[in-house]
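1. Provide a 3D model corresponding to the input given below.
(2 chains)
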Amino acid sequence: MARLTPDNVTVAREIIGRYPRPKSALIQLLHLAQQQDGRVTDEAMSQIAEMVGVTSAEVLGTASFYEMFKFEPVGRYMVNICTNISCLLLGGEELLHHAEHRLGIVPGQTTADGLFTIEDVECIAACTEAPCLQVNYRYFHQITHDQFDELVDDLKAGRRDDIPPHGTLARVRQHIPADRRAGAVTPEDTDVPVWMTAPEEAQA
Amino acid sequence: MTVTDVPKIISSRFDDPVGHTLAGYEATGGYLALRQALGMSPAAVHDEVKTASLLGRGGAGFPAGVKWGLTPADVWPRYLVVNGDESEPGTYKDRLLMERDPHQLIEGVLLACYAVGCGQAFLYVRGEMAFAQERLAVALNEAYAAGYVGKSILGSDFSVDVVLTWGAGAYIVGEETALIESLEGNRGMPRLKPPFFPAAKGLYLQPTIVNNVETLANLPWIITNGGEAFAAMGAEGSKGTRIFAVSGHVRTPGVFEVEYGVTTFRDLIYAPVYAGGIRGDHTLKAFIPGGASAPWFFEEHLDLPLEKVAVDRAGSMLGSGAVVVMDETTDAVKACLRIVRFFARESCGKCTPCREGTTWLENILQRIYDGYGRPSDLDLLLDVSDNISPGIAWPPKQTTICPLGPSAVSPIASALTRFRPEFEAAILRAEEARLSVSVDLPKASARA
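-> Numbering: from 1, shown residues only, chains lettered A, B, ... in the order given. Predicted coordinates for the structure are as follows:
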């Protein structure tokens, strides 16, 4: 664990190749590392640094800015409960307190069995479905306290295989076939794009 | 009550179970605008968007056609960055546009690249939106295979890659220069404008257009139906339609595409086809007209049209199209605290007035809420606010690089002006609690 697997190195190289500058792939590679290990390890950050040509400190510098990257082990299920304004008005805070009691932890902590971490999060863009929450960034709308308990029971019993472990975002990745690829355009490519050069002829 | 009968421009496929697939999109007129545009000159496509007077839908409301024209002539390459980092509290429309009609967005991206001459496009989707990322990945893979994206699009000499990029949890990245920093692999901290206006010096210091998801989603309709048809809808300064998310204490919260500039807040909040009125037997206390950054509106503002100029003049903004309704049961101190806490948490830390100021605003509000408030705290709140946004006026002045700091001042200015007695009562309770401390130990954190 920790360094990227050979398969993930292949994915990482494909991602880097899409950007005009390798460092632009940094956040994407951090997601890849987190998908592999459930968090971002020091070893993965060193490796990413090598791949994009910056120092490990620069990788940590970027990574530590973003809320979603975790550097310590977290639960298999990250339960993010929204308490921002729309959810606050409709019981988001009460839902958070219920979750704290049900799981015996406060936001930022992980249950002893390593299954759940709770976070008190900012607006997750499901405001008309308040109070809402995400488990590993999958939405649950208008959640009652009973429904929360059911969800916890289901997750514990392994009945929710539609929710991948923490770290996995989209389960489908973009893939650009070689024969369809237009190619990354770097700042050094200063030619006028072909379609911009002869608009009059195209019209005529 | 007026509910105008205009076509759904961008949400027409929201209820179509296959609207997100390539087949479903093509069956409902998808990619016809792209074919049409390829037969036009890029300048003609740009002109059509200018004619439409399409205002940016991200928050600032700057005309998209004008923004495109700000790129310096003969500086290449140019980039397009799609802002799908929707995070403004209460806002809920770009996610639906990405999840339910991803091809419409992709077609909009292609039209913008064609018109402006962008060599590459980056579609930046908020990190927390796993499903939108998935839908867009599938759609892009389909579109590449079908020849709509990539090299020699539909056999023409127009070629552009659209690269799907995920964010990782940072509200500030919705600010266009912070988004560019993030795309360069850095901490998402805004750049100073000038000189870093993206249209002139954006991604890799090249001319860069940053457009919101909803803005771009309008383009296929505009090209197919013409800019004039678009401009025929709405009001003088706000054309077309717009999506508003109405949440909070309403009967039927939802996401509604309505005619821009003509529909009023009263229509949106009370019409049965929209939010259906205040829940139960409750009454309106206040509403936020355009996301958490916007100053609050009240009963007397209900008949204002959803029109940029009118709302700006009344002292707030339509911002990101998020209407949050609060009834009379709402604790103004708590609502204000929660919104300010958001900005304190999301401040990137680059500018001192915002980093320190938002934190202190939160601390002071928290102590008022917890029953430790001091009579001088209300003036202190205004004093700290004034350091972030001198004069506490609208439109706000700022001592910061970006508008995040001043945004934290909006709820304070609104709540303190309108509901000052609630704040004073909270402080008075604290005073009383302190006086009785030697007689009967009170719980300082208890709230009546």
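2. CA only for contacts and neighbour counts going forward, please
-> Will do.
3. Spatially central residue for chain A, please.
-> Centroid-nearest residue in chain A: A:Leu169, 5.2 Å away (criterion: C-alpha atoms, centre = their mean).
4. quick one: contacts for it?
-> A:Gln35, A:Asn136, A:Tyr137, B:Glu128, B:Met129, B:Ala130, B:Phe131, B:Gln133 (C-alpha atoms under 8 Å, 6 or more residues apart in numbering or on different chains).
5. quick one: which of the residues you listed is nearest B:Gln398?
-> The closest of those to B:Gln398 turns out to be B:Glu128 (C-alpha to C-alpha; 29.8 Å).
6. Please, which helix or strand holds the closest one?
-> In the assignment (DSSP states H and E), B:Glu128 maps to no helix and no strand.
7. Tell me how many other residues crowd the nearest residue to it once chain neighbours are set aside.
-> The spatially closest residue to B:Glu128, leaving aside those adjacent along the chain, is A:Tyr137, at 5.6 Å (C-alpha to C-alpha, 6 or more residues apart in numbering or on different chains). Residues contacting A:Tyr137 under the criterion other C-alpha atoms under 10 Å in any protein chain shown number 24.
8. One more: A:Pro165?
-> Neighbour tally, A:Pro165, other C-alpha under 10 Å: 19.
9. in chain A, which spans are strands?
-> Assigned by DSSP state E, chain A shows strands spanning A:77-82, A:116-121, A:133-135, A:138-140.
10. Can you check which of the ones you listed gets nearest to chain B?
-> strand A:138-140 (6.9 Å; C-alpha to the nearest C-alpha).
11. Contacts for that closest one, please.
-> A:Cys132, A:Leu133, A:Gln134, A:Ile163, B:Ala130, B:Phe131.
12. let's see 6 Å
-> A:Cys132, A:Leu133, A:Gln134 (C-alpha atoms under 6 Å, 6 or more residues apart in numbering or on different chains).
13. Poorly predicted segments of chain A, please.
-> A:1, A:198-204 (pLDDT under 70).
14. Contact residues of it facing chain B?
-> Counting by C-alpha under 6 Å from any C-alpha of the partner chain, chain A comes close to chain B at A:23-24, A:26, A:62, A:65-68, A:86, A:123, A:125, A:127-128, A:137, A:169-170, A:172-174, A:180-182, A:190, A:195, A:199.
15. in stretch A:187-194, what counts as buried?
-> Residues of stretch A:187-194 classed as buried: A:Pro187, A:Val192, A:Pro193 (neighbour count, 16 or more other C-alpha atoms under 10 Å in any protein chain shown).
16. ok so, going back, show the buried residues in the residues of chain A next to chain B.
-> A:23-24, A:26, A:62, A:65-66, A:68, A:86, A:123, A:125, A:127-128, A:137, A:169-170, A:173-174, A:180-182, A:195, A:199.
17. which one of the contacts of A:Leu169 has the most neighbours?
-> B:Gln133 (29 neighbours).
18. so that one is in which element?
-> helix B:130-145.
19. after that helix, next one along is what?
-> Downstream of helix B:130-145, the first helix or strand assigned by DSSP H and E is strand B:161-166.
20. Can you list the strands that that next one pairs with?
-> strand B:118-125 (parallel) (DSSP bridges).
21. Just the angle for the strand it pairs with relative to helix B:130-145, thanks.
-> 150 degrees (axes from the mean of the first three to the mean of the last three C-alpha atoms, to 10 degrees).
22. quick revisit: got the contacts of strand A:138-140 as a markdown table, with distance to B:Val163 columns?
-> Shown next, in a markdown table, are the contacts of strand A:138-140 (distance: C-alpha to C-alpha, whole Å):
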| residue | distance to B:Val163 |
| --- | --- |
| A:Cys132 | 30 |
| A:Leu133 | 29 |
| A:Gln134 | 26 |
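23. roughly how far apart are A:Lys70 and chain B?
-> 11 Å (C-alpha to the nearest C-alpha, to the nearest Å).
24. Look up phi and psi at that residue.
-> Torsion angles at A:Lys70 (phi, psi; degrees, to the nearest 10) stand at phi -110, psi 130.
25. what's near enough to touch it?
-> Here A:Lys70 is in contact with A:Arg39, A:Val40 (C-alpha under 6 Å, 6+ apart).
26. B:Ala314: neighbour count?
-> With other C-alpha under 10 Å as criterion, B:Ala314 counts 12.
27. again, but for A:Gly75
-> Neighbours around A:Gly75, by other C-alpha under 10 Å: 21.
28. so it sits right up against A:Thr117, yeah?
-> Yes: if you go by C-alpha atoms under 6 Å, A:Gly75 and A:Thr117 touch, sitting 4.9 Å apart.
29. just the contacts of strand A:138-140 now: which is nearest B:Asp379?
-> Nearest member of the contacts of strand A:138-140 to B:Asp379, counting by C-alpha to C-alpha, is A:Cys132, at 35.7 Å.
30. from what I can see that closest one touches A:Gln147, true?
-> No: contact between A:Cys132 and A:Gln147 fails when scored by C-alpha under 6 Å: they sit 11.5 Å apart.
31. The two: who's more crowded?
-> A:Cys132 (27 against 12).
32. Distance check, the closest residue to that one other than its chain neighbours against A:Asp113.
-> Leaving aside its chain neighbours, A:Cys132 sits nearest to A:His141 (4.7 Å; criterion: C-alpha to C-alpha, 6+ apart). Per C-alpha to C-alpha, to the nearest Å, A:His141 is found 26 Å from A:Asp113.
33. Can you pick out the residue with more neighbours from these two?
-> A:His141 (14 against 9).
34. That one and B:Tyr144: what is the separation?
-> Counting by C-alpha to C-alpha, the gap from A:His141 to B:Tyr144 is 34 Å.
35. now B:Ser156
-> 14 Å.
36. residue boundaries of the helices in chain A?
-> A:6-18, A:26-37, A:42-52, A:56-63, A:85-89, A:92-103, A:145-156, A:194-197, A:199-203 (DSSP state H).
37. Deepest-packed of the ones you listed, please.
-> helix A:85-89 (a mean of 27; mean count of other C-alpha atoms under 10 Å in any protein chain shown).
38. And the contacts of that helix?
-> Against helix A:85-89 from outside (C-alpha under 6 Å, 6+ apart): A:Cys127, A:Ala130, A:Pro131, B:Gly248.
39. repeat for stretch B:138-147
-> B:Val149, B:Ile153, B:Leu154.
40. Mind pulling up the pLDDT for the second one?
-> The one in question is B:Ile153. B:Ile153 carries a pLDDT value of 98.
41. In space, what's closest to residue 196 - neighbours in sequence excluded?
-> All of this is about chain A. B:Gly117 (6.2 Å).
42. oops, I was thinking of chain B
-> Nearest non-adjacent residue to B:Phe196 (C-alpha to C-alpha, 6+ apart): B:Gly202, at 6.5 Å.
43. thought the one you found was touching B:Pro195?
-> No: between B:Gly202 and B:Pro195 there is no contact, the gap being 9.8 Å when judged by C-alpha under 6 Å.
44. out of those two, which sits in the busier spot?
-> Neighbour tally, B:Gly202 and B:Pro195, criterion other C-alpha under 10 Å: the higher count belongs to B:Gly202, 25 against 10.
45. and that one, how far is that from chain A?
-> Applying C-alpha to the nearest C-alpha to B:Gly202 and chain A gives a distance of 11 Å.
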